[in-house]
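**Student:** Sequence and predicted structure, then a few things I'm wondering about:
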Amino acid sequence: MYGDEKRTRIISQTGLFIALIAIGSYITIPMIPVPITLQSLFVLLCGCIMKRYAAIAVSLYIILGLLGLPVFHQFTSGPGILFGPTGGYLVGFIFAALITGFFYEKKNKFFRISGLFLGTAAIIICGVFWMAFSTGITIFDAVLIGAFPFIIGDLIKITLAFFIFERVEDNYD
């Protein structure tokens, strides 16, 4: 008996990217209040490879963390993380995966690069606004703390996601 290849691929890629995002959360450079992790690299790469279905993997990753599996940064989990200063970034991961995925459904490199930048912007915007709301600081201060220190790292992650996908693209069309 022969199964549905597309469904099988989505299920296996979902498991793979949940694991990669979790591993990326353990690779941490501590900063206050938001650490630098490799999670966003794997979220972007998930969007590149899984296209619009990337939102499934990222949503399940967040659900697993909410249920208590230590998949968030520094082996943390639970709703306290989602409602803390870093919670907006986690929610932004869903939007980033979806945006990147939609843009990667086109073969145009300009669209794809734009999708990576817009996906990263979604993470930063959600994170900054939630940080300002949850901590009571101004938006300006939240941008200084939660966006500017990550610009160079985010540019590196965008570049890595683009070139990694370019390298493996023939296997995922």
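**Tutor:** Everything's here; your move.
**Student:** Which parts of the protein are helices?
**Tutor:** Secondary structure of the chain, counting by DSSP state H: helices at 5-26, 39-50, 54-66, 79-83, 87-103, 109-135, 139-146, 151-168.
**Student:** hey, which helix or strand in this protein has the poorest pLDDT?
**Tutor:** None of the helices or strands of the chain scores lower by mean pLDDT, DSSP states H and E than strand 28-29, at a mean of 80.
**Student:** returning to what we had before: looking at the helices of the chain, which is buried most?
**Tutor:** By mean neighbour count, with neighbours taken as mean count of other CB atoms under 10 Å, helix 39-50 ranks first of the helices of the chain at a mean of 28. Using the backbone N, CA and C atoms, a C-beta is placed for each residue, glycine as well.
**Student:** relative to helix 5-26, how tilted is that one?
**Tutor:** 170 degrees (axes from the mean of the first three to the mean of the last three CA atoms, to 10 degrees).
**Student:** So Phe17 sits against Tyr53, correct?
**Tutor:** No: using CB atoms under 8 Å, Phe17 is not in contact with Tyr53; the gap is 9.9 Å.
**Student:** got any ranges where this structure has weak pLDDT?
**Tutor:** With pLDDT under 70 as the threshold, the chain has low-confidence stretches at 1-2, 171-173.
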